[in-house]
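J.: model this:
(2 chains)
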Number of protein chains: 2
Amino acid sequence: MTRMQQPEQVIRDIPSDISQMSRFDLIYLLEKMQQQQQELERQNQHLKNALVKIDKDLSAARDAQMSLLPKELRGVQPITFRARFFPSQYVSGDIYNIFRLDENNIGLYHIDISGHGVPAALFSVSLSQILNTNVSQKNLLKIPVQEPPYYKINPPDQVIAALNEDHYLDKLGIYFTMLYMIIDIKNNRIRYTRAGHNPPIIVRQNGHIEIPKSGGLPVGLDFPREDTVVELDMEKGDRVYLYSDGINEAVNESDEQYSTARIVNIVDKNRALPLDDVLDRLISDVKSFTGRESIEDDISLIGLSFNG
Amino acid sequence: MTRMQQPEQVIRDIPSDISQMSRFDLIYLLEKMQQQQQELERQNQHLKNALVKIDKDLSAARDAQMSLLPKELRGVQPITFRARFFPSQYVSGDIYNIFRLDENNIGLYHIDISGHGVPAALFSVSLSQILNTNVSQKNLLKIPVQEPPYYKINPPDQVIAALNEDHYLDKLGIYFTMLYMIIDIKNNRIRYTRAGHNPPIIVRQNGHIEIPKSGGLPVGLDFPREDTVVELDMEKGDRVYLYSDGINEAVNESDEQYSTARIVNIVDKNRALPLDDVLDRLISDVKSFTGRESIEDDISLIGLSFNG
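T.: The predicted structure is shown next:
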């Protein structure tokens, strides 16, 4: 940023009763203020130009980041996937993806990187790169083996363990929460490991709500891990919601948190609505709770519906 | 960005000869200007606050990016590596790295991503991730094989071909120039492939300058490639310089380019100086040529010296 000269503060030299001033003083003051106003306008324009330039740059970065996020899952009949994504600044430290692992399995991750803005976003692109199944047939998610079908789907706890040992990630000094899920679409079964991330909210067709608490530390902290895999059978009409803490930790003017209880309330009472509508109602409820359009932390929200 | 109300332009209502105005008009005008000045100062503060916030965010991103770039190569006696890096904005689309491939081979890449600022930087971290030899023992640079030593060093043209076929990179719609070099430190021999990047400048100890022209298109363009590998023997005292086009295309006030000829002149006439000093002199010559401290495009500059 350019450092600019401050205009002299003339205003405080003006006596409280202007009519007491001599005509000469008035004219002198007027001329001085005129110069200062021009200087302030010049500075204002300068600052605006700087912001316009940065705005253009960061908007392009947002577009690039958005282009990496799926809004839905195409061509997989048994599951509907929908997502909402609102960066607190231009770019976000939240990322997610859903992709085919093979004929019978879908992979899904949801990640919330410590911090937000550009530093977190720099890291997010790198992380989505590591978790990309198409890069040169080498990845953490599908391990090549010698026997047919010549790959092994890496279980969720192993994926998280491998990321935790990645010294490249270490180097950037950032940690992140993550939930990695494998969806077996043949047997309607999900398996996931949760690392510091919010637990999923499972809304059963039969009216039950489940929030499995099992889970470990965020990824990238130098602690030994003891990750477990949660396995759950899904019935037709069951739904799973994943959300970053920008939602449950959103605060209103009284510094009260939105809370998981409020999320559960919305997804429960709107269970008969299409998935898209549930997500929209939740987001709009969070916004009316906080009472402002701008958000403090990155928000991402994912819904899965099992069509059986 | 927040849209702000413009203060009414009072200045143009002031007659050219202020002394002709009535006392009443003068006081009225003064009060109005006083209000406007306060409004302008408020706006100014608002704009400055916005810039301070972005500045903090982008400075953190710069630190993260800088932390990925080596300044020197440690523990490899036969080669000295030095680099200089100046992003045109906070973060850069230029990246480079130098690393051990194995006991006898050093890898080095220098990349200049299209565009600059945050969008290019987002991509750069991702790219340095792909080219990291330590990620899960899987990478483009060393291919696992069945026989001892259980890896094959991927030749420069193959590395570039693999990057060109990477559909993840495609997705972001960005292309880049690249030079990838393998340095055989046992036999003092370099092999490299150049993809749209500036050709290296080779300053021989015996006084010769070589600028091999052989090279292909940038990476990420949808054209068939016909890359070749340049092989050169290095003698004790030989030096190699790599530079991004932020240097040779830097323009002065007469819109004249700094040019490769000027780079050659500096590295040639300072050939007896330590590598660090040559790099510093080149950078300072570019700055005095353009006549300003700020730079228009990302600048990165690499020097290699063969100690034999």
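J.: Is there proximity between the helix or strand hosting A:K53 and chain B?
T.: Assigned by DSSP states H and E, A:K53 falls within helix A:23-66. Yes - contact of helix A:23-66 with chain B (C-beta under 8 Å from any C-beta of the partner chain) involves A:23, A:26-27, A:29-31, A:33-34, A:36-38, A:40-41, A:43-44, A:47-48, A:50-52, A:54-55, A:57-58, A:60-61, A:63-65. For glycine as for every other residue, the C-beta is placed from the backbone atoms N, C-alpha and C.
J.: A:I302 - how many residues pack around it?
T.: The number of residues packed near A:I302 is 24, by other C-beta atoms under 10 Å in any protein chain shown.
J.: What residues does the nearest residue to it once chain neighbours are set aside make contact with?
T.: Counting by C-beta to C-beta, 6 or more residues apart in numbering or on different chains, A:L242 is the residue found nearest to A:I302 once chain neighbours are left out, at 4.2 Å. Contacts for A:L242 (C-beta atoms under 8 Å, 6 or more residues apart in numbering or on different chains) come out as A:96, A:110, A:179, A:197-198, A:200, A:301-302, A:304.
J.: So which of those residues sit within helices?
T.: Members of the contacts of A:L242 lying in helices (criterion: DSSP state H): none.
J.: Pull out the buried residues from those residues.
T.: A:96, A:110, A:179, A:197-198, A:200, A:301-302, A:304 (16 or more other C-beta atoms under 10 Å in any protein chain shown).
J.: so what's the nearest residue to A:T228 once chain neighbours are set aside up against?
T.: Nearest residue to A:T228, sequence neighbours excluded (C-beta to C-beta, 6+ apart): A:S214, at 5.6 Å. Going by C-beta under 8 Å, 6+ apart, A:S214 touches A:194, A:199, A:228, A:230.
J.: Most widely separated two among those residues?
T.: The span of the contacts of A:S214, defined through C-beta to C-beta, is set by A:P199 and A:T228 at 12.5 Å.
J.: Need the residues touching each of the two.
T.: Listed as contacting both A:P199 and A:T228 by C-beta under 8 Å, 6+ apart are A:214-215.
J.: okay, now A:N187: neighbour count?
T.: 10.
J.: Now name the helix or strand holding it.
T.: For A:N187, there is no host helix or strand (DSSP H and E).
J.: Look up how far A:D112 lies from it.
T.: To A:D112, A:N187 is 29 Å away according to C-beta to C-beta, to the nearest Å.
J.: A:V52: how many residues sit nearby?
T.: Using other C-beta under 10 Å: A:V52 sits among 11 other residues.
J.: how close does it sit to A:K71?
T.: Distance, A:V52 to A:K71, by C-beta to C-beta: 29 Å.
J.: how long is stretch A:80-100 from one end to the other?
T.: One end of stretch A:80-100 sits 13 Å from the other (C-alpha to C-alpha, to the nearest Å).
J.: returning to that earlier point: just the buried ones among the contacts of A:L242 now: which is nearest chain B?
T.: A:Y96 (15.6 Å; C-beta to the nearest C-beta).
J.: Let me see the contact set for the closest one.
T.: Shown in contact with A:Y96 (C-beta under 8 Å, 6+ apart): A:69-70, A:83, A:85, A:108-111, A:242, A:300, A:302.
J.: Just to check, A:S305 is in contact with A:Q77?
T.: No - assessed by C-beta atoms under 8 Å, A:S305 is found out of contact with A:Q77, at 11.7 Å.
J.: Neighbour count for those two, which is higher?
T.: Between A:S305 and A:Q77, A:S305 has the larger neighbour count (other C-beta under 10 Å), namely 22 against 8.
J.: and the gap between that one and A:V76?
T.: 12 Å.
J.: Write the ChimeraX selection for whichever of the contacts of A:Y96 are buried.
T.: Burial among the contacts of A:Y96 is assessed by 16+ other C-beta under 10 Å; the matching ChimeraX selection reads:
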select /A:69,83,85,108,109,110,111,242,300,302
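J.: out of the contacts of A:Y96, which are inside strands?
T.: The strands, defined by DSSP state E, take in A:83, A:85, A:108-111, A:242, A:300, A:302 from the contacts of A:Y96.
J.: Export those as a markdown table, with columns for distance to A:V251 and pLDDT.
T.: Shown next, in a markdown table, are the ones in strands among the contacts of A:Y96 (distance: C-beta to C-beta, whole Å; pLDDT from 0 to 100):
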| residue | distance to A:V251 | pLDDT |
| --- | --- | --- |
| A:A83 | 23 | 96 |
| A:F85 | 20 | 93 |
| A:L108 | 29 | 96 |
| A:Y109 | 27 | 96 |
| A:H110 | 22 | 97 |
| A:I111 | 23 | 95 |
| A:L242 | 21 | 98 |
| A:S300 | 18 | 95 |
| A:I302 | 22 | 97 |
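J.: Could you dump these into TSV and include distance to A:D222?
T.: Shown next, in TSV, are the ones in strands among the contacts of A:Y96 (distance: C-beta to C-beta, whole Å):
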residue	distance to A:D222
A:A83	31
A:F85	30
A:L108	27
A:Y109	22
A:H110	23
A:I111	19
A:L242	26
A:S300	27
A:I302	29
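J.: Do I have it right that A:I113 meets A:F176?
T.: Yes - A:I113 lies in contact with A:F176 (C-beta under 8 Å); the separation is 4.3 Å.
J.: quick one: low-confidence parts of the stretch 51-200 of chain A?
T.: The stretch 51-200 of chain A contains residues with pLDDT under 70 at A:133-139, A:167-172.
J.: In three-state terms, label the residue found closest to A:Q129 once you drop the neighbours it is linked to in the chain for me.
T.: Distances taken as C-beta to C-beta, 6+ apart place B:S126 nearest to A:Q129, at 4.5 Å, with adjacent residues excluded. Using DSSP: H, G, I helix; E, B strand; the rest coil, the structure places B:S126 in helix.
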